[in-house]
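Asks: any chance you can model this:
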Amino acid sequence: MDEVKIWALDGDSKVTPLASKDQTDTESLLEETLVRNPDLLIPGLRLVGRQTPTDGGPLDLLGVDEDGRLVVFELKRGMLSRDAVAQIIDYASDLDAKTDVALAEHIAANSGVGGIEGIEDFEEWYGENTDGQSLDSLRPLRLFLIGLGADERTERMVRFLAANTGMDISLLTFHGFAYDGKTLLARQVEVEAVAEPGPRRRRRPTAEERRERLKKKIDDSGMSETFGAVERMFETNWPGFRKYPTSLGLSIRFKNRSFSRIDPWKGGVTIVFFGRAKALCLDEFRQPVEEIRYETWPRNREPLDDPRTEIQFQFTAEEWEQHRGSMYALTKAVYQGWKNSGQ
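Replies: Model (predicted):
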């Protein structure tokens with residue numbers, strides 16, 4: 001890797017070489033600077049994770065680019081070595097092995113860490129930030145190795161992977177310089193992924209296509225009648241709400257934010273209440289939690305004391321009839337809480 005140098009020019013064309021900052025000083029600034037200014041990594045990048053867990057260990061940063069693709073970043077505070085190449089492939093392969101739904105749930109469950117925005121429903125967030133693209137547009141994943149330099153072996157390995165395997169992998173280095181009492185940061189592209197021909201953006205599904213996919217999922221569940229009854233409950237108790245079909249189910253929204261979702265599954269229906277709905281009338285959730293079968297997301301969380309945990313009440317057709325009154329009362333309480341909150 002060639003040494004990076006920067007010169008300051010004055011009005012008389014006088015050239016002053018800038019001194020490189022001590023590497024330790026640059027190390028301490030780099031990660032936090034990138035978290036606060038993700039455009040330094042990729043223009044238009046939105047970070048969705050920091051220290052996101054994988055089977056290989058926590059990955060440093062996770063983002064979504066302008067095309068809606070998921071981007072994995074491995075940062076090294078010092079010089080990048082060959083171990084970093086194996087590490088980022090390990091992280092990315094673990095994420096890529098997940099289904100679209102599992103990947104979305106994993107991202108949401110581990111968001112909100114280290115200055116990264118908390119995301120309650122990643123599929124909803126993704127659709128709103130990518131003009132309605134579906135979750136399959138997250139792939140193929142992009143990989144970026146970031147450091148204060150890279151040894152020749154690492155650069156050679158990344159260049160080989162980028163040129164010969166079809167893997168979208170790049171290598172960036174940053175260099176700090178002192179000037180007029182400030183730290184200047186220089187970004188250098190050491191290896192850039194080989195661009196694929198043609199447009200990368202996938203056609204987003206139309207509203208009609210989303211509705212048809214959801215209808216098929218409901219029909220396949222054998223729960224059309226119960227699903228319809230739950231939907232009518234929201235129509236009755238949440239006037240003015242909007243419905244948005246997703247790959248999971250039917251999102252129930254106020255002012256473009258999901259408060260609930262109806263998910264069909266083989267032999268049953270799940271009514272999901274997100275944390276923002278729960279916060280509107282927390283006490284009214286206590287009795288249903290004691291009486292009705294439920295799960296939480298993230299899994300095995302305390303359903304009431306943890307404000308970000310969503311509650312997923314699960315019903316067979318018989319269980320729905322048994323607990324219909326409780327659900328009607330709960331949805332009315334959520335709506336009244338929403339009105340009282342002034343939203």
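
Asks: how is the protein carved up into domains?
Replies: Here the domain parsing of the chain from automatic domain parsing is 7-191, 207-340.

Asks: the residue nearest to residue 110 when sequence neighbours are not counted and residue 271, how far apart?
Replies: Distances taken as CB to CB, 6 or more residues apart in numbering place residue 52 nearest to residue 110, at 4.9 Å, with adjacent residues excluded. Backbone N, C-alpha and C define where each C-beta goes, glycine included. Distance from residue 52 to residue 271, counting by CB to CB, to the nearest Å: 28 Å.

Asks: which of these two has more residues huddled nearby?
Replies: residue 271 (26 against 21; other CB atoms under 10 Å).

Asks: got the contact list for the more buried one?
Replies: Going by CB atoms under 8 Å, 6 or more residues apart in numbering, residue 271 touches 230, 260-262, 312-313, 315, 327.

Asks: and of those, the nearest to residue 34?
Replies: residue 261 (33.4 Å; CB to CB).

Asks: surely that closest one is within a strand?
Replies: Yes: under DSSP: H, G, I helix; E, B strand; the rest coil, residue 261 falls within a strand.

Asks: tell me the bridge partners for it.
Replies: Beta-bridge partners for residue 261, by DSSP bridges, are residue 251, residue 272.

Asks: need the contact list for it.
Replies: Taking CB under 8 Å, 6+ apart, one finds 121, 246, 248-252, 271-272, 274 in contact with residue 261.

Asks: phi first, then psi, for residue 314.
Replies: Torsion angles at residue 314 (phi, psi; degrees, to the nearest 10) stand at phi -120, psi 140.

Asks: what pLDDT does it get?
Replies: In this model, residue 314 is scored at 97, pLDDT.

Asks: also residue 282?
Replies: In this prediction, residue 282 carries a pLDDT score of 94.

Asks: how far away is it from residue 115?
Replies: 27 Å.

Asks: of the two, which one has the most company?
Replies: residue 282 (13 against 10).

Asks: gap between that one and residue 307?
Replies: The gap separating residue 282 from residue 307 is 9 Å, by CB to CB.

Asks: anything in contact with each of those two?
Replies: By CB under 8 Å, 6+ apart, no residue touches both residue 282 and residue 307.

Asks: show me the contacts for residue 308.
Replies: By CB under 8 Å, 6+ apart, residue 308 lies in contact with 112, 118, 120, 275.

Asks: just the element for it, please.
Replies: Using DSSP states H and E, residue 308 sits in no helix or strand.

Asks: the residue nearest to residue 110 bridge partners, please.
Replies: For residue 52, the beta-bridge partners are residue 59 (DSSP bridges).

Asks: so residue 254 is in contact with residue 243, correct?
Replies: No: contact criterion CB atoms under 8 Å: residue 254 and residue 243 do not qualify, at 11.4 Å.

Asks: so these two - more neighbours on which side?
Replies: residue 254 (18 against 14).

Asks: identify the residue nearest that one in space, chain neighbours excluded?
Replies: Going by CB to CB, 6+ apart, residue 254 has residue 241 as its nearest residue, at 5.9 Å.

Asks: tell me what the strand or helix carrying residue 232 is packed against?
Replies: If you go by DSSP H and E, residue 232 is part of helix 224-237. When contacts are defined as 3 or more CB pairs under 8 Å, 6 or more residues apart in numbering; DSSP states H and E, helix 224-237 packs onto helix 207-221, strand 257-265, strand 268-273, helix 317-340.

Asks: how about the CA coordinates for the last one, as CSV?
Replies: Pointing back at helix 317-340 there. Extracted in CSV, the C-alpha atoms of helix 317-340 (Å, rounded to 0.1, in the frame of the first residue of the first chain):
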residue,chain,number,x,y,z
ALA,A,317,-59.8,-20.5,15.9
GLU,A,318,-61.1,-21.9,19.2
GLU,A,319,-58.7,-19.7,21.3
TRP,A,320,-59.8,-16.6,19.3
GLU,A,321,-63.4,-17.2,20.2
GLN,A,322,-62.4,-17.8,23.8
HIS,A,323,-60.4,-14.5,24.1
ARG,A,324,-62.2,-12.3,21.6
GLY,A,325,-63.6,-10.1,24.3
SER,A,326,-60.2,-9.5,25.9
MET,A,327,-58.7,-8.5,22.5
TYR,A,328,-61.5,-6.1,21.7
ALA,A,329,-61.0,-4.4,25.1
LEU,A,330,-57.3,-4.3,24.6
THR,A,331,-57.4,-2.8,21.1
LYS,A,332,-59.9,-0.2,22.4
ALA,A,333,-57.5,0.7,25.2
VAL,A,334,-54.6,1.1,22.8
TYR,A,335,-56.6,3.4,20.5
GLN,A,336,-57.8,5.5,23.4
GLY,A,337,-54.2,5.8,24.7
TRP,A,338,-53.1,6.9,21.2
LYS,A,339,-55.8,9.6,21.1
ASN,A,340,-55.0,10.8,24.6
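
Asks: in it, what's buried?
Replies: By neighbour count on 16 or more other CB atoms under 10 Å, the buried set for helix 317-340 is 319-320, 323, 327, 330-335, 337-338.
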